[in-house]
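In: Pasting the sequence and the predicted coordinates here, then a few questions.
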Amino acid sequence: MRARPSSEGGTCTQEILAIADKDALLVIPAHNEEESLPRVLDLVAQEWRGDVLVVDDGSTDGTWAVIDRFRSEMPRLMGVRHHANLGYGSAILTGFAAALAGPYKGVVTMDADGQHDPRDLRRLVEKLVSYDIVSGSRYHDLSPHVGKPAPHRLKANLEMARFVAKMTGYRVTDAATGFKAYRTDALRKLKITETGYAMPFQVWGQAARIGLTVGEVPVTRIYADPPGNAGSEKLYVRWLSLRCRMALLRALGRPTAGTGLLCAFWTIVVRASEIVRRARRSLDLRSARGNKV
């Protein structure tokens, strides 16, 4: 049965009576999360009864050592290590491949930086009985929140949610979230190729084209770090938003020429900004050394 895109009251493409956390694989992509990962795994161990796969995406800190240490404390914890930083989407795809190769009915993804609350995990999985994909929203009216996001990030997230809703019909309030649950039978129908942070938007587009249903669950919004407003950060967010739009439009088979030109322009701007930032840092270091002499 093919169901039209919906974010409420939909039916999944195949009927399943229930999916419990023990039937699903929890995938946690991690890149240089040595400090936050222990706390995340401690909480996961309390809230999750199923298998856990942490994908170390080429970390240069002690992330892999954390995974190795927790294996003795968490018998259902597994780790995969990328030889280099291949990108957020690549880490998620590694997790998807593991889930599809195993006996799992579902797969859940969450971040390793402490931005997602493991106490929300089971609610995501339980809703897979009604939907092909369940998305955790940090910006739902009922979402509790800890800390405040940077204003430019909040604006970009809300704008992208509206864009996804307009283009796909999915009435989601948080399009960029990495806190999602997927039914594996639905996941097999997707052909994801995006390796970076635009990957979730390719998912939205492909899901809409093939008629997968989407549900949304309010989750806790956690921003432990103080809001940042650096100019380079704002440029990066603007560029990333355009990349995400491109991924969505391509997945939907829509024209991308105008967005592509804007994306190319902002790519140049972001790279130039990074060059300037590094040059300034180098000059500051030289100046500091000179002052010491």
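Out: Cool, the structure landed.
In: Look up the closest residue to Leu128, ignoring the ones flanking it.
Out: Spatial nearest neighbour of Leu128, chain neighbours left out: Ile19 (4.6 Å); criterion: Cβ to Cβ, 6 or more residues apart in numbering. To be clear about C-beta, it is placed using only N, CA and C from the backbone, and glycine gets the same treatment.
In: hang on, the one you found in a helix?
Out: No. Assigned with DSSP: H, G, I helix; E, B strand; the rest coil, Ile19 falls outside any helix and is coil.
In: pretty sure it is touching Tyr104, no?
Out: No. Under the criterion of Cβ atoms under 8 Å, Ile19 is not in contact with Tyr104, lying 9.1 Å apart.
In: of those two, who's got more company?
Out: Each of Ile19 and Tyr104 has its neighbours counted (other Cβ atoms under 10 Å); Tyr104 has more, 22 against 19.
In: Can you tell me the closest non-neighbouring residue to that one?
Out: Closest residue to Tyr104 apart from its sequence neighbours, by Cβ to Cβ, 6+ apart: Leu25 at 4.7 Å.
In: heading toward the C-terminus, what's the first helix or strand past the host helix or strand of that neighbour?
Out: Following DSSP states H and E, one finds Leu25 within strand 24-30. Tracing the chain past strand 24-30, the next element assigned as helix or strand by DSSP H and E is helix 37-47.
In: who touches that next one?
Out: 26, 28, 30, 33, 52, 54, 63, 66-67, 70, 73-74, 77, 112-114, 117-119, 121-122 (Cβ atoms under 8 Å, 6 or more residues apart in numbering).
In: At the geometric centre of the protein, which residue do we find?
Out: Gly178 (2.4 Å; Cα atoms, centre = their mean).
In: between the strand holding Leu25 and helix 37-47, how big is the angle?
Out: Orientation check (axes from the mean of the first three to the mean of the last three Cα atoms, to 10 degrees): strand 24-30 against helix 37-47 gives 170 degrees.
In: what does strand 24-30 contact?
Out: Identification of contacts with strand 24-30 by Cβ under 8 Å, 6+ apart yields 37, 40, 44, 48, 50-57, 59, 63, 67, 88, 91-92, 95-96, 98-99, 102, 104-112, 121, 125, 128, 178, 181.
In: Can you tell me which of these are buried?
Out: Neighbour-count burial (16 or more other Cβ atoms under 10 Å) applied to these gives 37, 40, 44, 48, 50-57, 59, 63, 67, 88, 91-92, 95-96, 98-99, 104-112, 121, 125, 128, 178, 181.
In: Filter the residues you listed down to the ones in strands?
Out: Asp51, Val52, Leu53, Val54, Val55, Asp56, Asp57, Gly106, Val107, Val108, Thr109, Ala181 (DSSP state E).
In: Let's test this: mean pLDDT of stretch 40-60, rounded?
Out: Stretch 40-60 carries an average pLDDT of 96.
In: How far does it stretch from one end to the other?
Out: 19 Å (Cα to Cα, to the nearest Å).
In: With stretch 99-116 instead?
Out: Across stretch 99-116, first to last residue, Cα to Cα, it's 21 Å.
In: Please convert the ones in strands among the buried ones among the contacts of strand 24-30 to JSON lines, extending it with distance to Leu190.
Out: Formatted as JSON lines, these follow (distance: Cβ to Cβ, whole Å):
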{"residue": "Asp51", "distance to Leu190": "21"}
{"residue": "Val52", "distance to Leu190": "22"}
{"residue": "Leu53", "distance to Leu190": "18"}
{"residue": "Val54", "distance to Leu190": "22"}
{"residue": "Val55", "distance to Leu190": "18"}
{"residue": "Asp56", "distance to Leu190": "24"}
{"residue": "Asp57", "distance to Leu190": "20"}
{"residue": "Gly106", "distance to Leu190": "14"}
{"residue": "Val107", "distance to Leu190": "12"}
{"residue": "Val108", "distance to Leu190": "16"}
{"residue": "Thr109", "distance to Leu190": "13"}
{"residue": "Ala181", "distance to Leu190": "14"}
